[in-house]
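okay, predicted coordinates and the sequence, questions at the end:
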Amino acid sequence: MKSNLLTTLFATLFCLFQQASAQCDLPTAYTGNTGANMTVVLTPGVTSSLPTLVSGAYVVTFTSSSSLLVGSKNFEDIQNGTLAFPVWGVDSTTDDVDGAEANESLDFQLVNGNDLYDLTLSFAGANAYVANAQLPAISVTYTLNCTSVGETAVPGCTDVSATNYDAQATEDNGSCTYAVIDCMNPDACNYNSEATEDDNSCINPVACETCSGETDGTGVVVDNNSDDPCVETSNVATQGSFSEGYTVNFETDGSSVTVTFELLDSDKSGVVAYLWRESPFSETFMSVVSGKKFTTTISNQSPGASISYACKFAYAGGMA
């Protein structure tokens, strides 16, 4: 019986709490100007005695007789511990009661995030509206009136066209990012390092062509006088080493590329050469042109395709 009574009591209190929370309507900040006002000053003795304020907390003022909202101020405007704000009086030029009447007392509340507090202020004078007067508040006590349990804002990207659109977000936090559609191949001349989606627009250099070097999608193919064969001299070796180096000559004719390598090392003899491809692996014997110069032709190449080959020189006592 005792257990059932406690359960019933707890359930009743819980339901009452839910009902009170669900009915907690936070007052909005005041907007308007009736043309007449007085100034309420919350001194440091008041502002330092309030509960811990969250960002955006504000005080609101109502007339005691009619609960008419007649003023508010955000605590972000506090200066040296003091918050001063206008309380608006009735506009004498109209018949509308849109402000506090002369000598009408005032009530104050604090909106602090989802919490609403009733403030009991002590003033250096009477709690009454007097146009053009100043009313300093010197102390305060407060009581939690209610807590709003409405939906909490979910920050995120709310733009459906963004790549990181968040369907659960209710408040845009400026984090939206957008697709950059362009060439994503770093070997292409029009490569865009910022691209997030490839549009198949990549342009690769062929034969003697090179790239202009931009990486923002504006790069172009540099012809380098493609009527002449491409010639390069180097001593770079992935296996073995070269005492002097070699020259390589690429010459395109239609869909064929003729490749010629000449070994410049005078300390190597009995030299033969193979055109070597890593992937898919192939090794092709190269014909002797003269001395240590060797050549072969690669056929059936597609315009715009990139090819990657090397030459393996085999000689008496080693290879490179």
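Cool, got the structure.

this structure: helices as residue ranges?
With DSSP state H as the criterion, the chain has helices at 2-22, 44-47.

by contact count, what packs against the shortest one?
Judged by 3 or more C-beta pairs under 8 Å, 6 or more residues apart in numbering; DSSP states H and E, the packing partners of helix 44-47 are strand 134-147. For every residue, glycine as well, the C-beta is placed using N, CA and C.

what packs against the strand it packs on?
Short answer (3+ C-beta pairs under 8 Å, 6+ apart): strand 134-147 packs on helix 2-22, strand 37-42, helix 44-47, strand 115-123.

ok, now with 6 Å
Secondary-structure packing of strand 134-147 (3 or more C-beta pairs under 6 Å, 6 or more residues apart in numbering; DSSP states H and E): strand 37-42, helix 44-47, strand 115-123.

export the last one as CSV, just CAs?
Translated: strand 115-123. This file holds the C-alpha atoms of strand 115-123, laid out as CSV (Å, rounded to 0.1, in the frame of the first residue of the first chain):
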residue,chain,number,x,y,z
ASP,A,115,14.5,29.1,-17.7
LEU,A,116,12.1,31.8,-16.6
TYR,A,117,12.7,33.5,-13.2
ASP,A,118,10.5,35.9,-11.3
LEU,A,119,12.6,38.8,-10.0
THR,A,120,11.8,40.7,-6.8
LEU,A,121,13.7,43.9,-6.9
SER,A,122,14.3,46.4,-4.1
PHE,A,123,14.6,50.0,-5.4
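
excluding residues flanking it in the chain, which one is nearest residue 109?
Ranked by C-beta to C-beta, 6 or more residues apart in numbering and with sequence neighbours excluded, the top spatial neighbour of residue 109 is residue 60, at 5.1 Å.

strands of the stretch 101-250 of the chain, start to end?
106-112, 115-123, 134-147, 155-156, 171-172, 181-182, 197-198, 210-211, 221-222, 230-234, 246-253 (DSSP state E, counting those that start in this stretch).

pick the most buried one from the helices and strands packed on strand 134-147.
Scoring these by mean neighbour count under mean count of other C-beta atoms under 10 Å gives strand 37-42 as the most buried, with a mean of 20.

hmm, back to that, what's the residue nearest to residue 109 in contact with, if anything?
Residue 60 makes contact with 27, 72, 109, according to C-beta atoms under 6 Å, 6 or more residues apart in numbering.

follow-up on the earlier one: pick out the shakiest of the helices of the chain, pLDDT-wise.
Ranked on mean pLDDT, the bottom entry among the helices of the chain is helix 2-22, at a mean of 40.

coming back round to it: can you redo the strands of the stretch 101-250 of the chain as TSV with distance to residue 277 and mean pLDDT?
Below are the strands of the stretch 101-250 of the chain laid out as TSV (distance: least, C-beta to C-beta, whole Å; pLDDT from 0 to 100):
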stretch	distance to residue 277	mean pLDDT
strand 106-112	73	96
strand 115-123	73	95
strand 134-147	73	94
strand 155-156	50	82
strand 171-172	53	81
strand 181-182	30	92
strand 197-198	26	90
strand 210-211	22	82
strand 221-222	24	82
strand 230-234	18	80
strand 246-253	14	84
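
appreciated, that's everything.
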